[in-house]
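*Asks:* From the sequence below, what's the structure:
(one chain, ligands or ions: 1)
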Amino acid sequence: MNELDSLAADAQTAFAQATTPAELENAKALFLGKSGRVTALMKGMAALSVEEKKSLGAAINVTKQSIETALTERRQALADAELQIQLKAEALDVSLPGRARGQGGLHPVSLTLERIEQIFASMGFDVADGPEIESDWHSFTSLNNPPNHPARSMQDTFYVDIKGDDGIPYNLRPHTSPMQVRFAHQHIKKHAEAVKVAAAAGLPEPGMPEVRVIAPGRTYRVDSDATHSPMFHQCEGLWLGENVSFKDLKVVFTSFCRTFFESDDLALRFRPSFFPFTEPSAEIDIQFQSGPLAGRWLEVAGSGQVHPNVVRNMGLDPEKYIGFAFGMGPDRLTMLRYGVNDLRLFFDGDVRFLSQFR
Ligand code: PHE
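*Replies:* Okay, the predicted model is just below:
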């Protein structure tokens, strides 16, 4: 091997041994630098004849080019290796499942309220909404339950620091029954407007439609255990007309329960009871014929014929208008439908519990 060949081979070896870009640049200096071996050879040509310069110069250039090529290749190889290391370090495992955004859903009690609304809407009931902070008159007095009446203690309630015109503080409504009088007032007002419009148009006076409404919403009482929460839900129902009887209450409520629980052999019992705003009054119990609760009577609502004093407070003539009202517990219905035995679970906000109803 001549001197030039071994020079090229030495350069190859030195470059191959360099494992970092810095080492490679140091190795380069040994051959191509100012005092490198290739440079030394070129300097040594000064003393040679023109002919010799020509042939040796050409040979040195070939060697120099091969060393430069080797250098470039090694630079690229080191850069590639570094890139590979970096890629490995930053590697993403694309087979890992992604972090999906949690899927929300309606609260089980909201699902029940929607279901109640749908079923009653199919029987021609309006759905009304009312205030949770209520006047004493609407919560009690208008419902035939005057101040100091012992029946008020059945609904021991929360009061707020705002007084009504009567000087009595407002309360957090203990039931949805105030909506009976509130809705009747709205209903009568709407009818009065319709009468005016008809008169202006020269049309015969329209009769007043029946009052047929449900009013679901939040209610409050001083109660707290596995089946009572200080905040709970009720759904009021009211049907008033010129010929609405207790029989209609039985038909409507029975058909509601059977639809709600999807069971035709559900039994209902109307058990005599007392409410100031109904006469006669009844608690409504249901009994499943199969399943884990079969055979037990379960209370789901209070009900009765609307008391004449309440009809009067609505602004209607109790000699003409008659009907029924009921107040049921959507929380209770939800517990029965899904087999939940602690009401508090509904209001703890634990997503592990709530997501089961999605
Ligand atoms: N408001 C009564 C309660 O909360 C239920 C009820 C409503 C009873 C309507 C009769 C008629 O207990």
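*Asks:* For the protein, what lies in contact range of the ligand?
*Replies:* H175, S177, F275, T278, G302, S303, G304, A325, F326, G327 (C-beta under 6 Å from any ligand atom). Glycine gets a C-beta too; all of them are placed from N, C-alpha and C.
*Asks:* and the two most separated of these?
*Replies:* Greatest spacing in the residues of the chain next to the ligand, by C-beta to C-beta: H175 and G304 (13.2 Å).
*Asks:* check contacts around S229.
*Replies:* D223, D331, L343, R344, F346, F347 (C-beta atoms under 8 Å, 6 or more residues apart in numbering).
*Asks:* On the pLDDT front, check M1 for me.
*Replies:* Looking at M1, its pLDDT is 53.
*Asks:* let me redo that: Y159
*Replies:* pLDDT, read off for Y159, is 94.
*Asks:* Show me just the buried residues among the residues of the chain next to the ligand.
*Replies:* Burial by neighbour count, 16 or more other C-beta atoms under 10 Å: within those this picks out H175, S177, F275, T278, G302, S303, G304, A325, F326, G327.
*Asks:* Now do the buried residues in the helix or strand hosting E236.
*Replies:* Here E236 sits within strand 231-241, counting by DSSP states H and E. The neighbour-count check on strand 231-241 (16+ other C-beta under 10 Å) flags F232, H233, Q234, C235, E236, G237, L238, W239, L240, G241 as buried.
*Asks:* Tabulate those (JSON lines), appending distance to C257 and pLDDT.
*Replies:* Converted to JSON lines, the buried residues of strand 231-241 look like this (distance: C-beta to C-beta, whole Å; pLDDT from 0 to 100):
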{"residue": "F232", "distance to C257": "19", "pLDDT": "95"}
{"residue": "H233", "distance to C257": "17", "pLDDT": "97"}
{"residue": "Q234", "distance to C257": "16", "pLDDT": "98"}
{"residue": "C235", "distance to C257": "13", "pLDDT": "98"}
{"residue": "E236", "distance to C257": "16", "pLDDT": "98"}
{"residue": "G237", "distance to C257": "12", "pLDDT": "98"}
{"residue": "L238", "distance to C257": "18", "pLDDT": "98"}
{"residue": "W239", "distance to C257": "16", "pLDDT": "98"}
{"residue": "L240", "distance to C257": "22", "pLDDT": "98"}
{"residue": "G241", "distance to C257": "22", "pLDDT": "97"}
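*Asks:* Checking whatever residue of the stretch 151-300 of the chain ends up closest to the ligand next. Helix, strand or coil?
*Replies:* Per C-beta to the nearest ligand atom, H175 is where the stretch 151-300 of the chain lies closest to the ligand, at 3.4 Å. Following DSSP: H, G, I helix; E, B strand; the rest coil, we place H175 in the coil state.
*Asks:* per-residue confidence for E90?
*Replies:* At E90, pLDDT is 87.
*Asks:* With S95 instead?
*Replies:* Value for S95, per-residue pLDDT: 87.
*Asks:* Tell me how many other residues surround it.
*Replies:* For S95, the count of nearby residues is 5 (other C-beta atoms under 10 Å).
*Asks:* So it, which state does it fall into?
*Replies:* S95 ends up coil, using three-state DSSP.
*Asks:* returning to that earlier point: out of the buried residues of strand 231-241, which comes closest to Q186?
*Replies:* Out of the buried residues of strand 231-241, the member with the shortest distance to Q186 (by C-beta to C-beta) is L238, at 12.0 Å.
*Asks:* Could I get the full set of helices for the chain?
*Replies:* 3-17, 21-32, 37-43, 50-89, 108-121, 136-139, 178-200, 246-260, 308-313, 330-338, 345-348, 351-354 (DSSP state H).
*Asks:* Against the ligand, how distant is K88?
*Replies:* Here K88 is placed at a distance of 69 Å from the ligand (C-beta to the nearest ligand atom, to the nearest Å).
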